[in-house]
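K.L.:
need a structure here:
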Amino acid sequence: MEFIEVNNCYKIYKNGVTALADASLKVNKGEFVFLIGSTASGKSTLLKLLYREEKPNKGEVYVGGVNVSKLRDGKVYKFRRKIGIVFQDFKLLPKLTVYENVAYPLESYGMKSSEIKGSVLKALERVGLKDKYRSFPHELSGGEQQRVCIARAIVNEPKLILCDEPTGNLDPETSKEIMDVLESINKDLGATIIMATHDKEIVNRMKKRVITIKDGVVVRDKKKGSYDNETIKNSKA
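P.N.:
This next block holds a predicted model:
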């Protein structure tokens, strides 16, 4: 079994919107994969299935051998400890320092403060922000805030990192820097990275595996792929 398997998944929201329709994909451990598609094509919903924010109406989702679609609510928090998530809008706690934001998930796991310190400083060093550990989010640039988010996502050295439009609010040069950080994490930690994006330049520059989603269905899957303008343009969404 591959590290990630999404098998014939359907997701229909309560308002009647079909986000995924018979979507299937497989991802090997250590891969770096881009998910592309128009707005409302199903990219974010697919990510939500992987970290069990949502459950499919039909079909199954496996992550690291765990059938996430059948996971009981009481076990979800333990499962998520093995996943790092990076959002477009940072989701940093404004009254906490950089160090405290990155330490927060480890504190919630009940880890000892002596262990937390080493993990946090190591994560901040990986993203080039070790000297900013005392700063507050409002004192940082957008790119620096996103680096803090990445540090928080990798502080527990997860085997899977999910990124939902992590460069969506950043300028091209800062976006490139963020992608360089993610690529180094992919190589150094061996973490599997799945990133939903609309950023054509990033996708074309990095030449990673590219999965195109159209109207809730995986319609194209290319290794060392490029941004699939034609398919996306012809989507209903």
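
K.L.:
From Tyr227, how far out is Lys11?
P.N.:
Distance of Lys11 to Tyr227, given as Cβ to Cβ, to the nearest Å: 24 Å. Yep, even glycine has a C-beta here, placed from its N, CA and C like the rest.

K.L.:
Which residue is most remote from the mean position of the protein?
P.N.:
Ranked by distance from the centre of the chain (Cα atoms, centre = their mean), the top residue is Ser114, with 28.1 Å.

K.L.:
buried sites along the longest helix that the chain contains?
P.N.:
For the chain, the helix with the greatest residue count under DSSP state H is helix 172-188. Residues of helix 172-188 classed as buried under the neighbour-count rule (16 or more other Cβ atoms under 10 Å) are Thr174, Ser175, Lys176, Glu177, Ile178, Met179, Val181, Leu182, Ile185, Asn186.

K.L.:
Can you name every helix or strand that it contacts?
P.N.:
Using 3 or more Cβ pairs under 8 Å, 6 or more residues apart in numbering; DSSP states H and E, the elements in contact with helix 172-188 are strand 32-36, helix 113-126, helix 142-154, strand 160-164, strand 192-196, helix 200-206.

K.L.:
could you give me the average pLDDT of that helix?
P.N.:
Confidence for helix 172-188, expressed as mean pLDDT, is 95.

K.L.:
what's the angle between it and helix 142-154?
P.N.:
Between the direction of helix 172-188 and that of helix 142-154, the angle (axes from the mean of the first three to the mean of the last three Cα atoms, to 10 degrees) works out to 20 degrees.

K.L.:
how far is helix 172-188 from where the chain is centred?
P.N.:
Taking the mean of its C-alpha atoms, helix 172-188 sits 13 Å from the chain's own mean (Cα atoms, centre = their mean, to the nearest Å).

K.L.:
So for Lys70, what's the nearest residue that isn't a sequence neighbour?
P.N.:
The spatially closest residue to Lys70, leaving aside those adjacent along the chain, is Glu60, at 7.5 Å (Cβ to Cβ, 6 or more residues apart in numbering).

K.L.:
What is the subsequent helix or strand relative to the helix or strand containing the one you found?
P.N.:
Per DSSP states H and E, Glu60 falls inside strand 58-63. Per DSSP H and E, strand 58-63 leads on to strand 66-67 as the next helix or strand towards the C-terminus.

K.L.:
outside of that next one, which residues touch it?
P.N.:
Strand 66-67 is touched from outside by Glu60, Val61, Phe79, with contacts defined as Cβ atoms under 8 Å, 6 or more residues apart in numbering.

K.L.:
Just grab the bridge partners of the first one for me.
P.N.:
In this structure, Glu60 has the following beta-bridge partners (DSSP bridges): Asn7.

K.L.:
ok, now which ones touch it?
P.N.:
Applying Cβ under 8 Å, 6+ apart, one finds that Glu60 lies in contact with Glu5, Val6, Asn7, Asn8, Cys9, Asn67, Ser69, Lys70.

K.L.:
how close does it sit to Cys9?
P.N.:
Glu60 is 7 Å from Cys9, by Cβ to Cβ.

K.L.:
Now list whatever residues contact both of the two.
P.N.:
Among the neighbours of Glu60, those also in contact with Cys9 (Cβ under 8 Å, 6+ apart) are Ser69.

K.L.:
just to revisit the earlier point, turn the helices and strands packed on helix 172-188 into a markdown table, including mean pLDDT and distance to Lys214.
P.N.:
A markdown table is the format used below for the helices and strands packed on helix 172-188 (pLDDT from 0 to 100; distance: least, Cβ to Cβ, whole Å):
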| stretch | mean pLDDT | distance to Lys214 |
| --- | --- | --- |
| strand 32-36 | 97 | 10 |
| helix 113-126 | 94 | 35 |
| helix 142-154 | 96 | 28 |
| strand 160-164 | 97 | 18 |
| strand 192-196 | 97 | 14 |
| helix 200-206 | 95 | 16 |
